[in-house]
Structures are given as structure tokens and as C-alpha cells.
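Novice: can't give you the sequence, but here's the structure:
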């Protein structure tokens, strides 16, 4: 999976062992130097392995 936009733009995460519903759900990712987490999820009807930055989420 590849992060697009935001603080993790271009980074990748191995989701090989993840269930399909977990991949489609995205993540709230911890970012070094941030108090908040970064919300990433795939675009609806988009590639489930491309997660787009949705904004900060209070940690």
C-alpha cells in the first residue's frame, strides 16, 4: 500500500497479511513530531492499495 499526500506521501506499508476490510478501512497513522495522527484511506471506488491523506485526527 502507498500513502498519497500529507506527511507520509510516497511511503509504503506492507498490508499483505491484512484482511480486505482492514485494507479498505485505512488507518490513523502515528507521525513523528505530531501530536495528532494522520488519517489515510483509499478513495471510494479507487485503488484500495493507494491511501490518500484525509487530515489530522486528535491522538
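Specialist: Okay, I see it. Because the structure is predicted, anything quoted here is derived from the model rather than measured.
Novice: The lowest-mean-pLDDT helix or strand in the chain: how far from the chain's middle?
Specialist: Of the helices and strands making up the chain, the lowest-confidence element is helix 20-25, at a mean of 92, by mean pLDDT, DSSP states H and E. Distance of helix 20-25 from the chain centroid (C-alpha atoms, centre = their mean, to the nearest Å) equals 11 Å.
Novice: And the next helix or strand past that helix?
Specialist: strand 27-30 (DSSP states H and E).
Novice: Not counting sequence-adjacent ones, nearest residue to the residue nearest the centre of the chain?
Specialist: In the chain, the residue lying closest to the centroid (C-alpha atoms, centre = their mean) is residue 40, at 3.1 Å. Leaving aside its chain neighbours, residue 40 sits nearest to residue 51 (4.0 Å; criterion: C-beta to C-beta, 6 or more residues apart in numbering). All C-beta spots, glycine's among them, are computed from the backbone N, C-alpha and C.
Novice: what bridges to the one you found?
Specialist: residue 3, residue 42 (DSSP bridges).
Novice: Count the neighbours of it for me.
Specialist: Using other C-beta atoms under 10 Å, residue 51 is surrounded by 29 other residues.
Novice: and the gap between it and residue 16?
Specialist: 15 Å (C-beta to C-beta, to the nearest Å).
Novice: for residue 31, same thing?
Specialist: Counting by C-beta to C-beta, the gap from residue 31 to residue 16 is 23 Å.
Novice: For the two, work out which one has more neighbours and name it.
Specialist: Neighbour totals were compared for residue 31 and residue 16, and residue 31 leads with 14 against 7 (other C-beta under 10 Å).
Novice: Over to residue 6: give its phi and psi.
Specialist: phi 70, psi -170 (degrees, to the nearest 10).
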